[in-house]
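Q: Sequence and computational prediction follow.
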Amino acid sequence: MARRKPLRTDIAWSTTDKITVKGLDLCQDILGKVSLGDMAFLGMADRLPTPAESLVFNAIAVCLVEHGLTPSALVTRLTLAGAPEAMQAAVGAGLCGLGSVFVGSMEDAARLLQEALPKSDAPAGTPPNIEELAKQLVAREIAAGRSLPGIGHHIHKPQDPRAPALFAIARNNGFDGPYIALMEAVAEETGRQLGKSLPVNATGAIAAIACEMGLPWDIVRGIGVLARAVGLVAHVLEERRNPIAREMKTMVEEQATAHFR
């Protein structure tokens, strides 16, 4: 019989009069002292952020809270129309759409960056040849028929205004290393090889900054999940005050079936 793995969690535990989260007393060390963004950083990095990390992490999280009637917001509103008693289901439904195209592409971008620049190579040691690395990386992805994550935007042209704003915040707080340089070089090289402008977008910037902060690529999408959940709650509230989901459903149905009439 195979040996069973002992169950263990290092996140939180409770006694009759105390709740401990990541080694901190919830009531004494956290409440009134730690922001929601800092709490998220604690969960991802197993420690509270420095002041600079706090500012940068909160900036990249806040950046993803809202972007209008995105697919996730539409799904949330439509789900609420069918189950108005279940806010959590509506928000959860919206979060399910955060993937390789919308919001979640930061995970793919972070993975690309960290696999190209393993932590042992950056930022310490001999600086890599970023331009040559970007050239090889982009050529490989294009040859394989894969799109480069974290660059270009279907609305924001010629530049996603969020990317330079986030990079400026990161650089002003000491996060200006090879991952940001590589992300920018990848965007430039992709544009050169494909013959069109594809600047870094918000998720590409967030991926690069998260890499600079030492977050592993496979948790980076979590920043988008926690941030967009906040925004979707706002869509729930607006949908309850001023419903548009049923009207959207009617408009879609009328247009999609107009050829039968």
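A: Noted; the coordinates are in hand.
Q: residues in contact with the residue found closest to Ser35 once you drop the neighbours it is linked to in the chain?
A: Among residues not flanking Ser35 along the chain, Asn58 sits closest, at 6.9 Å (CB to CB, 6 or more residues apart in numbering). All C-beta spots, glycine's among them, are computed from the backbone N, C-alpha and C. Going by CB atoms under 8 Å, 6 or more residues apart in numbering, Asn58 touches 35, 37-38.
Q: and of the residues you listed, the nearest to Ala89?
A: Nearest to Ala89 among the contacts of Asn58: Gly37, at 25.5 Å, using CB to CB.
Q: re the thing from before, quick check: phi and psi at the residue nearest to Ser35.
A: With angles defined as degrees, to the nearest 10, Asn58 shows backbone torsions of phi -60, psi -30.
Q: Please report the distance of it from Arg171.
A: 16 Å (CB to CB, to the nearest Å).
Q: Also Gly231?
A: According to CB to CB, Gly231 and Arg171 sit 26 Å apart.
Q: thought Phe167 was touching Ile206?
A: No - using CB atoms under 8 Å as the test, Phe167 is too far from Ile206 to be in contact (10.2 Å).
Q: if you skip the residues just before and after it, what's nearest to Gly224?
A: Val103 (4.2 Å).
Q: now swap in Ile169 and tell me
A: Ala59 (4.9 Å).
Q: Flag the shaky bits of this protein, pLDDT-wise.
A: Applying pLDDT under 70 to the chain flags residues 120-127.
Q: need the strands for it, in chain order.
A: 12-14, 19-21, 24-25 (DSSP state E).
Q: Would you tell me which helix is longest in the protein?
A: helix 217-241 (DSSP state H).
Q: Please name every helix or strand in contact with that helix.
A: The helices and strands touching helix 217-241, judged by 3 or more CB pairs under 8 Å, 6 or more residues apart in numbering; DSSP states H and E, are helix 36-45, helix 51-62, helix 71-82, helix 87-95, helix 105-116, helix 202-212.
Q: Mind checking those helices for the one nearest to Arg140?
A: helix 105-116 (9.8 Å).
Q: Same question for that closest one: list its buried residues.
A: Neighbour counts over helix 105-116 (16 or more other CB atoms under 10 Å) mark 105-114, 116 as buried.
Q: circling back: the inter-axis angle of the longest helix of the chain versus helix 71-82?
A: Going by axes from the mean of the first three to the mean of the last three CA atoms, to 10 degrees, helix 217-241 is angled at 40 degrees with respect to helix 71-82.
Q: now helix 217-241, how far from the chain's geometric center?
A: For helix 217-241, the separation from the chain centroid amounts to 10 Å (computed by CA atoms, centre = their mean, to the nearest Å).
Q: Please apply the same query to stretch 65-85.
A: Its chain's C-alpha centre and that of stretch 65-85 lie 18 Å apart, by CA atoms, centre = their mean.
Q: follow-up on the earlier one: Gly231 and Arg171 - which one has more neighbours?
A: Remark: of Gly231 and Arg171, Gly231 carries more neighbours, 21 against 15, as counted by other CB atoms under 10 Å.
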